[in-house]
Every structure is written in structure tokens, then in C-alpha cells.
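Participant: One predicted model, sequence on top.
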Amino acid sequence: MKYAMLVYTDQSGWDSYSEEEATQLRAESMPRWNALFEEMARVDPDAMGRELASASEAKVVRVVDGETLVTDGPFAETKELIGGFFLTELPDLDEAIRLATIAPAAEYGTLEIRPLATR
Amino acid sequence: MEYLALVYGNPETWDSLSDEERAASYEGYMAVARDATAAGALVDASELESTGTATSVRVRGGEALVSDGPYAEVKESLGGYYLFSCDTLEDAVEWAAKIPAAWHGGAIEVRPVHAGEEAAS
């Protein structure tokens, strides 16, 4: 089964850090993220993941009466927002949950696991 | 440069469509994937199963908390994504505007992928 793992975190904290502070914090958490990447690659060599730029850079696109309307995002009005995602092929949901708990963001945010639709 | 287009739509709107309308809409989603692939602008795309299949995972105080359901119960939920590879944000917005949900009361959120980060790719 293929799963998407959506990483939700409160990004307002990040926006208050200076570039230097943010770089240092990222460097501190990298070894633990790397542990997740390694474990995920071991389970599914084709796993992929991406970290998104700040939600303050998000644009929301709608088309009304044939006209494209672009507004500043993000779309969701929740405190935590998607900051990154993984796509993996895993034997079952339990394995997805196990991997999710390894993510540092599970401690300060939420990982949402969603199966990919098959048609 | 990669841009993630998150497709937000109202599942009730989708359920209210006739079979023909649904087939036409689905073909619209496929067409975006096909055209973007032909243009060398598509990295990946998938539809997600409904939020009813979601599982949320948190770790607090060293303990894993697992709950059924999505992170947030919202009217317009994340139903899929396209990962585009484009020169500019404007190009990504142009692709996003072709996605059927943008036309049918939903919205597409376009997010640049963090530069230089292709974690676990």
C-alpha cells in the first residue's frame, strides 16, 4: 500500500527566528531527521520526501467564471500547517505509524498518514 | 525549482456530481498530469484516499498517540497533490489553474519546495 505522510507543524515559531537561529535549529534536528530518512529508505528504497518553503510563500489559486484568482496563502486556517511530506510504499498502516513516530516533528506537531487512492 | 500543488476540495461537492460529471472531472485531473508530463513539468502526482482513512500520529512525553482521522476536520479537505517542476511560481500557478478543483469551488495551494532539500529522494 502506498501512503502519504503529511507533516503538520506550527510554523509561526519559525518565522520569528533569525536566519542564523533557524539554520542552527535545523542543524540540531537533522541527525534525527536523517535517522528517519535512513529507516524509510531501508523499508522502501523508492520513498521520497520534500520539505516545503515557509507557508508565508504559499499562493492559493481559484478559477471563478474562467478567471484565475491568486491570493496569498496558506489555504488552511489551522495553527499547524503542512511543512513537508513523504510518499512511501509500506506493508501496512502499522509500519507507517512506526515510521511517523520516528519523525522529530511528531513531538511538536502531527503526522497525518493517508493511503494513496488506487483506480 | 519544484512547487507542490495541494488540491483542496469539498467531498460533498464531489459526491453530488453525476457519474458523467465525475468522469469528466477525473479526466480533467488526468489531463493535467498528462500535459504536465509531456511538458517535462511533472515530478509526481497522486490522489489521496478520503480523510475518513486518515491516521494522525503524535509523540508527547515520549508516548506515541495514534488517532483516527485527519489533522483537521475541515469542509474542504486535501484530496491530492501535484508536484510540479517549473522555472517560476507563475508557471506553477498556471498549471494549478488547470486542476478541476480550482474550477469547482475548491482551491489549489501552491507551495515552493525548500531550496536544496530533496529529503529521502
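Facilitator: That came through fine. As the structure is a prediction and not an experimental result, all values here were calculated from the model. Residues are numbered from 1 along each chain as shown, chains lettered A, B, ... in the order given.
Participant: Please enumerate the helices of chain B.
Facilitator: B:11-16, B:19-38, B:89-96, B:100-103 (DSSP state H).
Participant: May I see the buried residues of the second one?
Facilitator: Meaning helix B:19-38. Buried positions in helix B:19-38, judged by neighbour count with 16 or more other C-beta atoms under 10 Å in any protein chain shown: B:25, B:29, B:32, B:36. Placement of C-beta: from N, CA and C, glycine included.
Participant: Go through the helices of chain B and find the least confident stretch.
Facilitator: When these are compared on mean pLDDT, helix B:11-16 scores lowest, with a mean of 88.
Participant: Quick one: residues in contact with it.
Facilitator: Contacting residues not belonging to helix B:11-16 are listed as B:22, B:25, B:50-51, B:77, B:79, B:104-106 [C-beta atoms under 8 Å, 6 or more residues apart in numbering or on different chains].
Participant: Of all residues in chain B, which one is nearest the centre?
Facilitator: B:Tyr81 (2.4 Å; C-alpha atoms, centre = their mean).
Participant: what is the closest residue to that one other than its chain neighbours paired to in the beta sheet?
Facilitator: Leaving aside its chain neighbours, B:Tyr81 sits nearest to B:Leu6 (5.5 Å; criterion: C-beta to C-beta, 6 or more residues apart in numbering or on different chains). Per DSSP bridges, the residues bridged to B:Leu6 are B:Tyr81, B:Glu109.
Participant: need the contact list for B:Leu6.
Facilitator: Listed by C-beta under 8 Å, 6+ apart, the contact set of B:Leu6 reads A:75, A:82, B:78, B:81, B:108-111.
Participant: redo that, cut-off 10 Å
Facilitator: Counting by C-beta atoms under 10 Å, 6 or more residues apart in numbering or on different chains, B:Leu6 touches A:6, A:52, A:58, A:60, A:73-76, A:82, A:85, B:78-82, B:96, B:101, B:107-111.
Participant: again, but for B:Gly28
Facilitator: B:98-101, B:103-104.
Participant: A:Gly83: what's it in contact with?
Facilitator: Contact partners of A:Gly83, counting by C-beta under 10 Å, 6+ apart, are A:6-11, A:14, A:51-55, A:105, A:109, B:111, B:114.
Participant: Of those - the most surrounded one?
Facilitator: When neighbours are counted by other C-beta atoms under 10 Å in any protein chain shown, B:Arg111 leads these with 28 neighbours.
Participant: Could I get the pLDDT score of it?
Facilitator: pLDDT, B:Arg111: 97.
Participant: For the nearest residue to A:Arg32 once chain neighbours are set aside, grab the count of nearby residues.
Facilitator: Among residues not flanking A:Arg32 along the chain, A:Pro104 sits closest, at 4.6 Å (C-beta to C-beta, 6+ apart). Other residues near A:Pro104 come to 18 when the count uses other C-beta under 10 Å.
Participant: Likewise for the one 3 residues further on?
Facilitator: Taking other C-beta under 10 Å as the neighbour definition, A:Glu107 ends up with a count of 14.
Participant: Report the contact partners of it.
Facilitator: So A:Glu107 contacts A:29, A:32, A:101, B:58-62 (C-beta under 10 Å, 6+ apart).
Participant: Flag the least confident of those residues.
Facilitator: Lowest pLDDT among the contacts of A:Glu107: A:Ser29, with 88.
Participant: ok, that residue touching A:Ala105?
Facilitator: Yes - using C-beta atoms under 10 Å, A:Ser29 is in contact with A:Ala105, at 8.7 Å.
Participant: before we move on, back to that, farthest pair within the contacts of A:Glu107?
Facilitator: Across the contacts of A:Glu107, the longest distance by C-beta to C-beta is 18.2 Å; it joins A:Ser29 and B:Gly61.
Participant: Lovely, talk soon.
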